[in-house]
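S.K.: Please find the sequence and the predicted model below.
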There are 2 protein chains.
Amino acid sequence: MCGVRPVCVIGLGLIGGSLLRAASESGRQAWGFTTSTVDADAATVDGFQVESRVDGALRLAAQRDAIVVIAVPLPAVDQTLAAITAYAPECVLTDVVSVKGPVEMSVRQGAPRTRYVGGHPMAGTASSGWAAGSAGLFKDASWVLTVEDETDLDAWRDVARLVLDCGAQIVPASAAGHDDAVARISHLPHLLAAVLAAVGADGGSLSLALAAGSYSDGTRVAGTRPELVRAMCEGNRGPLLDAVDDALGRLGAARGALASTGSLGATVEAGHQGWQALQNYRTAERPHSRIDLSAPDTRETLLALGERGGRIVGLDGDFALTG
Amino acid sequence: MCGVRPVCVIGLGLIGGSLLRAASESGRQAWGFTTSTVDADAATVDGFQVESRVDGALRLAAQRDAIVVIAVPLPAVDQTLAAITAYAPECVLTDVVSVKGPVEMSVRQGAPRTRYVGGHPMAGTASSGWAAGSAGLFKDASWVLTVEDETDLDAWRDVARLVLDCGAQIVPASAAGHDDAVARISHLPHLLAAVLAAVGADGGSLSLALAAGSYSDGTRVAGTRPELVRAMCEGNRGPLLDAVDDALGRLGAARGALASTGSLGATVEAGHQGWQALQNYRTAERPHSRIDLSAPDTRETLLALGERGGRIVGLDGDFALTG
């Protein structure tokens, strides 16, 4: 089936709840399920369709050929996949979990007949739960959709349309490429913030009295709920270890240079160049082009787009529009 | 002499220029000197008194018993001290350099007859030069004034009054205590930002495409001009090495735990507690008290106030008011 599929969202926290709202607002038929009675009641009061049982939600998905979205924390994914295999075993499936390799592996083992496309919206707030969500959460955000050898490209296009309907832009990546990237730009920042906050606090009240912008900014995400940081970072162990080793190597080299020559030139210059690279990326013009989603080399074309930081901003029949 | 002294500012960049403006606005007689013709011209156009030669500025300071403020970068301090010894050898002297131990030592060697009180306003912007300054830059900022065995407490009170006139609050500290604190809450954050920016950029365009708030915040100060970061960090070598060792130890422990047990619990919890300590410090009620600046144990009392994160917010005759 082509066209606009209904959406069944399992898990109605910040991300799942925002997705249910955004999909509904775009005109799709959408419903959800959550094990949290607080979130279920709040979503119902807000006028959304919330099924009381997961089997009911998934049976409906099978009947209506809906996209099923897994929006539960990583430790609850396997249980959700078991229910999907029982009640909607061949559905188009995506997820919004912050790590992609482990979910990909769980799907292959636990729900092998689904047409799965891994997803990760790069959006969030410090708060959680249905009440913290909004239909606009994904506006202009990057949203990774995975491309693997096994990916069904019709399903990929269906999920891509949902992501665009939510207001986000699609960054295609392999599961491994995604996990390496988020280790560097999300999980390592959380670890360094934790380390900095601990070293600063070890300096006592005098240190805290003198803390200004560099310290506040550098420690801000240490205010995130510890269980969320742990779930995110521990779930991406291999790639995060690589990123931590890079950081340890660079910090150790800075230490050695400061102790021996007194110079931090190499460290500070490399950091400034890295900062400049982000500014350049963010201000660069992105070329508009069209990717034929029915061409034989579509997977390679999509992955190459993501590798060079490109995004898909629209769909036109069989074509993805970049920009 | 007690009362309100005139102010002679040597160096009219961001901090010196803001100090000249703030001191003038508070009603003090104030003038300056700078080797930068750009800054000198801009300050003159803005209506401030700028002497064309350093000897002229300092002779005036000696005649009028002014507070001389060294507002030049650390590498230019010794040269400025030589001029002070030549033209205003017994002045009340302070500085705004971001490290205090090395300046203290330079003053003892290069201008031993001055009545020196080390200073460091915890304020700044990403920009530099006269044009970037403003009279309001120091509003409610913390401003360290050093207390050492040699400190002349009459001079300390005179400099304290100038700091309060600029709108800041005084944190008393030893030079060593200050340098240890800023290594933790200013210099280490700059190094970690540089390391993170380099590791992120190493991930290529895909990583930059996925970078969101945690990465932007964690790398923001890597945008500071490299020569400023180097001057600041390299000038505080010993204490910064200690802080880097703390960070390396904590990051190495996190790496070990993640690799062996898969848990980041200890790291993330310690970081969250450190973050909480800063919030607690910032929202705490500060007790109002009075410190007798003529008492025999004044130095100890001032240092104890700073150690517990206290501030001086006013002066009343011989008394400093905390809050």
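M.R.: On my side now, so go ahead. Numbers count the residues shown, from 1 in each chain, chains lettered A, B, ... in the order given.
S.K.: contacting residues around A:G32?
M.R.: A:G32 sits next to A:8-12, A:16-17, A:20, A:43, A:48-51, A:57 when contact means Cβ atoms under 8 Å, 6 or more residues apart in numbering or on different chains. All C-beta spots, glycine's among them, are computed from the backbone N, C-alpha and C.
S.K.: ok, which of those residues also contact chain B?
M.R.: Applying Cβ under 8 Å from any Cβ of the partner chain, the subset of the contacts of A:G32 adjacent to chain B is empty.
S.K.: PyMOL command to pick out the buried ones of those residues?
M.R.: A single PyMOL command selects the buried members of the contacts of A:G32 (16 or more other Cβ atoms under 10 Å in any protein chain shown):
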select buried, chain A and resi 8+9+10+11+12+16+17+20+43+48+49+50+51+57
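S.K.: Out of the contacts of A:G32, which sit inside helices?
M.R.: Within the contacts of A:G32, residues falling in helices by DSSP state H are A:G16, A:G17, A:L20, A:A43, A:A57.
S.K.: how about the residues you listed, which pair is most distant?
M.R.: Largest separation among the ones in helices among the contacts of A:G32 by Cβ to Cβ: A:G17 and A:A57, giving 14.5 Å.
S.K.: and the longest helix along chain A, average pLDDT?
M.R.: Taking DSSP H as the criterion, chain A has its longest helix at helix A:237-260. The pLDDT scores in helix A:237-260 average 98.
S.K.: same check, this time on stretch A:308-323
M.R.: What stretch A:308-323 shows for mean pLDDT is 94.
S.K.: May I have the distance across that stretch, first residue to last?
M.R.: Length of stretch A:308-323, first residue to last, Cα to Cα, to the nearest Å: 12 Å.
S.K.: Counting neighbours, which bits of it end up buried?
M.R.: A:G309, A:G310, A:R311, A:I312, A:V313, A:G314, A:L315, A:F319, A:A320, A:T322.
S.K.: hmm, who's touching that stretch?
M.R.: In contact with stretch A:308-323 (Cβ under 8 Å, 6+ apart) are residues A:142, A:157, A:160-161, A:164, A:169-172, A:281, A:286-294, A:302, A:305, B:204-206, B:208-209.
S.K.: could you redo the last one with a cut-off of 6 Å?
M.R.: With contacts defined as Cβ atoms under 6 Å, 6 or more residues apart in numbering or on different chains, stretch A:308-323 is touched by A:161, A:169-171, A:281, A:286, A:288-294, B:205, B:208-209.
S.K.: can you tell me which of the buried residues of stretch A:308-323 are in strands?
M.R.: A:I312, A:V313, A:G314, A:L315, A:F319, A:A320, A:T322 (DSSP state E).
S.K.: I'd like those written out as TSV, with distance to A:G118 added.
M.R.: Output for these, formatted as TSV (distance: Cβ to Cβ, whole Å):
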residue	distance to A:G118
A:I312	15
A:V313	20
A:G314	21
A:L315	19
A:F319	22
A:A320	17
A:T322	20
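S.K.: hmm, which two among these are most spread apart?
M.R.: Pairwise distances across these peak at 12.0 Å for A:V313 and A:F319 (criterion: Cβ to Cβ).
S.K.: Helix or strand for A:Q276, just tell me which one.
M.R.: Assessed by DSSP states H and E, A:Q276 sits inside helix A:265-283.
S.K.: What is the subsequent helix or strand relative to that helix?
M.R.: Following helix A:265-283 in sequence, per DSSP H and E, is strand A:289-292.
S.K.: Can you name every helix or strand that that next one contacts?
M.R.: For strand A:289-292, the elements it packs on are strand A:319-322, judged by 3 or more Cβ pairs under 6 Å, 6 or more residues apart in numbering or on different chains; DSSP states H and E.
S.K.: Okay, now the sheet partners of the strand it packs on, with direction.
M.R.: Strand A:319-322 has its sheet partners listed here by DSSP bridges as strand A:289-292 (antiparallel), strand A:312-316 (antiparallel).
S.K.: any idea where the helices of chain A begin and end?
M.R.: Shown for chain A, the helices assigned by DSSP H span residues A:14-25, A:37-45, A:54-64, A:77-87, A:101-110, A:153-165, A:175-182, A:188-202, A:204-210, A:213-219, A:226-234, A:237-260, A:265-283, A:298-307.
S.K.: How far off centre is stretch A:93-108?
M.R.: Offset of stretch A:93-108 from its chain centre (Cα atoms, centre = their mean, to the nearest Å): 11 Å.
S.K.: I'd like to check what contacts it. Which residues are they?
M.R.: By Cβ under 6 Å, 6+ apart, stretch A:93-108 touches A:15, A:68-71, A:74, A:77-78, A:81, A:114, A:116-121, A:146, A:159, A:175, A:178-179, A:232, A:235-236.
S.K.: so, in contact with chain B or not, the helix holding A:Q276?
M.R.: Yes: among the residues of helix A:265-283, A:T267, A:V268, A:E269, A:A270, A:G271, A:H272, A:G274, A:W275, A:A277, A:L278, A:Y281 lie within reach of chain B under Cβ under 6 Å from any Cβ of the partner chain.
S.K.: In a markdown table, list the residues you listed along with neighbour count and distance to B:Q63.
M.R.: Output for the residues of helix A:265-283 next to chain B, formatted as a markdown table (neighbours: other Cβ atoms under 10 Å in any protein chain shown; distance: Cβ to Cβ, whole Å):
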| residue | neighbour count | distance to B:Q63 |
| --- | --- | --- |
| A:T267 | 25 | 47 |
| A:V268 | 27 | 43 |
| A:E269 | 15 | 46 |
| A:A270 | 22 | 50 |
| A:G271 | 32 | 47 |
| A:H272 | 20 | 45 |
| A:G274 | 23 | 52 |
| A:W275 | 24 | 48 |
| A:A277 | 19 | 54 |
| A:L278 | 21 | 53 |
| A:Y281 | 17 | 57 |
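S.K.: Out of the residues you listed, which is nearest to chain B?
M.R.: Nearest to chain B out of these is A:G271 (Cβ to the nearest Cβ; 2.4 Å).
S.K.: Grab the nearest non-local neighbour of the closest one.
M.R.: Nearest residue to A:G271, sequence neighbours excluded (Cβ to Cβ, 6 or more residues apart in numbering or on different chains): B:A194, at 2.4 Å.
S.K.: what does A:I84 give?
M.R.: A:A111 (5.1 Å).
S.K.: Can you list phi and psi of that neighbour for me?
M.R.: phi -150, psi 60 (degrees, to the nearest 10).
S.K.: Does it touch A:A86 like I think?
M.R.: No: counting by Cβ atoms under 6 Å, A:A111 stays clear of A:A86, with 9.7 Å between them.
S.K.: The two: which is more packed in?
M.R.: Legend: neighbour count by other Cβ atoms under 10 Å in any protein chain shown for A:A111 and A:A86, higher for A:A111 (25 against 13).
S.K.: show me the contacts for that one.
M.R.: A:L81, A:I84, A:T85.
S.K.: Enumerate every residue touching A:R255.
M.R.: Counting by Cβ under 6 Å, 6+ apart, A:R255 has contacts B:V244.
S.K.: swap the cut-off to 7 Å and go again
M.R.: B:L241, B:V244, B:L248 (Cβ atoms under 7 Å, 6 or more residues apart in numbering or on different chains).
S.K.: care to break chain A down by domain?
M.R.: A:7-173+A:285-322, A:179-283 (automatic domain parsing).
S.K.: returning to what we had before: most widely separated two among the residues of helix A:265-283 next to chain B?
M.R.: Pairwise distances across these (Cβ to Cβ) peak at 21.6 Å, for the pair A:T267 and A:Y281.
S.K.: give the contact list for A:S214.
M.R.: Going by Cβ under 7 Å, 6+ apart, A:S214 touches B:S186, B:P189, B:H190, B:V221.
S.K.: change it to 8 Å
M.R.: By Cβ under 8 Å, 6+ apart, the residues touching A:S214 are B:I185, B:S186, B:P189, B:H190, B:A193, B:R220, B:V221.
S.K.: Can you give me the distance of the residue lying closest to the second one once chain neighbours are set aside to B:S127?
M.R.: By that I understand B:S186. Closest residue to B:S186 apart from its sequence neighbours, by Cβ to Cβ, 6+ apart: A:S214 at 5.5 Å. Note on A:S214: its distance to B:S127, by Cβ to Cβ, to the nearest Å, is 15 Å.
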